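Engineer: Provided below are the primary sequence and the corresponding predicted coordinates.
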Amino acid sequence: MNHLAERLDKATLSRTAIPRLTEEGPLDLAAAYRVQRGVIARREARGEKVIGVKMGFTSRAKMIQMGVDDVIWGLLTDAMLIESRLDAGTLIHPRVEPEIAFLLERPVRSPADVSAAVGAVAVGYEVLDSRYENFSFTLADVIADNASASGFGLGPWQRPRDVANVGLSLEIDGRVAAAGSSAAILGDPLRSVAAAARLAQAAGIELEAGSIVLAGAATAAVPLPPGAHVRVTGQGLGHAEVTT
Ligand code: OOG
Ligand code: MG
């Protein structure tokens, strides 16, 4: 598995897309998650810290866009957190999508812990950058590639509230590029945190207090060009913005 993680890590560092891992041979989902852990271990060896998780394919819009049909997760590190500027020119083929984020103020070991653990919610965005040629992959490939994670940004944290039906829009240079409702995320993005808790339980790990959970996009992702201003709005939650 180590050589596969190495290949993905090199693709990230050299900003060069690679063929899918599954073109070479079979990769089951458990093995794909082992590759993902190897990718994260390499980031940690460079001093990055895991600060949360991102859920993938929690909406039909994303499943249809990418041609896969199962909820997955990837890990977020501190180096992925974008303040207000991102040099999109240094990425392979970046895309951006609106997200709902949760901040855990208590550890989560199982889905039963979820509602009491959420300390804050925010609107945010995720920047995806698949390490695979043509942004095309199977489920195992994208799991190995840490669910295409590249970066993310957050609007202001808000007190916990019902986010089951929040209008979301993503504007690029003032034009709406994607719009939807958080209801598209498993009917309620909080369910995505429960799904994260299930995956954590299955993996025998704990989501620590202070962790961020990105619930998954409610809409398809859109290409993120250089020289753009992106503004994501969540009804009642404010904005998150980034300039590339
Ligand atoms: C994989 C990541 C999916 C989401 O929010 O559903 C994801 C991809 O689309 O490349 O982040
Ligand atoms: Mg996402």
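Structural biologist: Nice, I can see it. Ligands and ions are numbered 1, 2, ... in the order given.
Engineer: Going by C-alpha atoms from here, please, whenever you check contacts or count neighbours.
Structural biologist: OK.
Engineer: does the lowest-mean-pLDDT helix or strand in the chain come close to ligand 2?
Structural biologist: Ranking every helix and strand in the chain by mean pLDDT, DSSP states H and E puts helix 60-66 at the bottom, with a mean of 90. No. Using C-alpha under 5 Å from the ion, we find that helix 60-66 stays clear of ligand 2, coming within 8.6 Å at best.
Engineer: Tabulate the CA atom coordinates of that helix in PDB.
Structural biologist: Once non-C-alpha atoms are left out, helix 60-66 reads as follows in PDB (Å, rounded to 0.1, in the frame of the first residue of the first chain):
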ATOM      1  CA  ARG A  60     -27.300  12.800  -5.000                       C
ATOM      2  CA  ALA A  61     -25.900  15.800  -6.900                       C
ATOM      3  CA  LYS A  62     -22.300  14.800  -6.000                       C
ATOM      4  CA  MET A  63     -22.900  11.000  -6.500                       C
ATOM      5  CA  ILE A  64     -24.300  11.700 -10.000                       C
ATOM      6  CA  GLN A  65     -21.600  14.200 -10.900                       C
ATOM      7  CA  MET A  66     -18.800  11.800 -10.000                       C
END
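Engineer: What are the buried residues along it?
Structural biologist: 60-63, 66 (16 or more other C-alpha atoms under 10 Å).
Engineer: got it, and stretch 216-225?
Structural biologist: Result for stretch 216-225 [16+ other C-alpha under 10 Å]: buried residues 216-222, 224-225.
Engineer: Pop out the phi and psi values for R109.
Structural biologist: The phi/psi pair for R109 (degrees, to the nearest 10) reads phi -110, psi -20.
Engineer: what sits opposite the residue most central in space within the chain in the beta ladder?
Structural biologist: The centroid of the chain falls nearest to K54 when counting by C-alpha atoms, centre = their mean (3.9 Å). Beta-bridge pairing for K54 (DSSP bridges): G74, L214.
Engineer: which ones among the buried residues of stretch 216-225 come in contact with ligand 1?
Structural biologist: With C-alpha under 6 Å from any ligand atom as the criterion, the buried residues of stretch 216-225 include 216-217 near ligand 1.
Engineer: Among the buried residues of stretch 216-225, which one sits closest to G89?
Structural biologist: Nearest to G89 among the buried residues of stretch 216-225 is P225, at 8.0 Å by C-alpha to C-alpha.
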